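Participant: the sequence isn't on hand, but the structure is:
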């Protein structure tokens with residue numbers, strides 16, 4: 001593990017393929033457009049963003065997940081139980 005090269009900073013980097021938590025592996029893309037943009041493109045909306053939120057821990061607590069509920073849920077007035085996948 002000590003011979004793995006850093007992923008982001010070649011000099012003095014500390015994050016490698018051996019110590020990076022797998023929970024942050026992924027990618028996403030989101031295109032935001034207003035109703036006029038949808039009409040101009042001749043498209044219908046696929047979904048609606050009703051709330052957003054961020055939850056994190058100090059990097060000192062490597063590998064742990066925040067145990068608080070998603071801030072997006074609390075600002076939207078919904079809970080995990082409102083989603084049929086979690087009930």
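Facilitator: Cool, got the structure. Note that this is a predicted model, so its numbers are computed, not measured. Residues are numbered from 1 along each chain as shown.
Participant: low-confidence ranges in this structure?
Facilitator: By pLDDT under 70, the low-scoring segments of the chain are 21-28, 63-72, 85-87.
Participant: what ranges does it have for its strands?
Facilitator: Under the criterion DSSP state E, the chain contains no strands.
Participant: can you give me the helices for the protein?
Facilitator: For the chain, the helices defined by DSSP state H occupy 35-41, 71-76.
Participant: among those helices, which is the most enclosed?
Facilitator: helix 71-76 (a mean of 14; mean count of other CB atoms under 10 Å). In this view, the C-beta of every residue, glycine as well, is placed from N, C-alpha and C.
Participant: contacting residues for the residue nearest to residue 4 when sequence neighbours are not counted?
Facilitator: Distances taken as CB to CB, 6 or more residues apart in numbering place residue 16 nearest to residue 4, at 3.9 Å, with adjacent residues excluded. Counting by CB atoms under 8 Å, 6 or more residues apart in numbering, residue 16 makes contact with 1, 4-7.
Participant: using TSV, lay out those together with neighbour count and distance to residue 80.
Facilitator: Conversion of these to TSV gives the following (neighbours: other CB atoms under 10 Å; distance: CB to CB, whole Å):
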residue	neighbour count	distance to residue 80
1	7	37
4	12	37
5	8	40
6	14	37
7	13	33
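Participant: span of stretch 46-60 from start to end?
Facilitator: End-to-end distance for stretch 46-60: 39 Å, by CA to CA, to the nearest Å.
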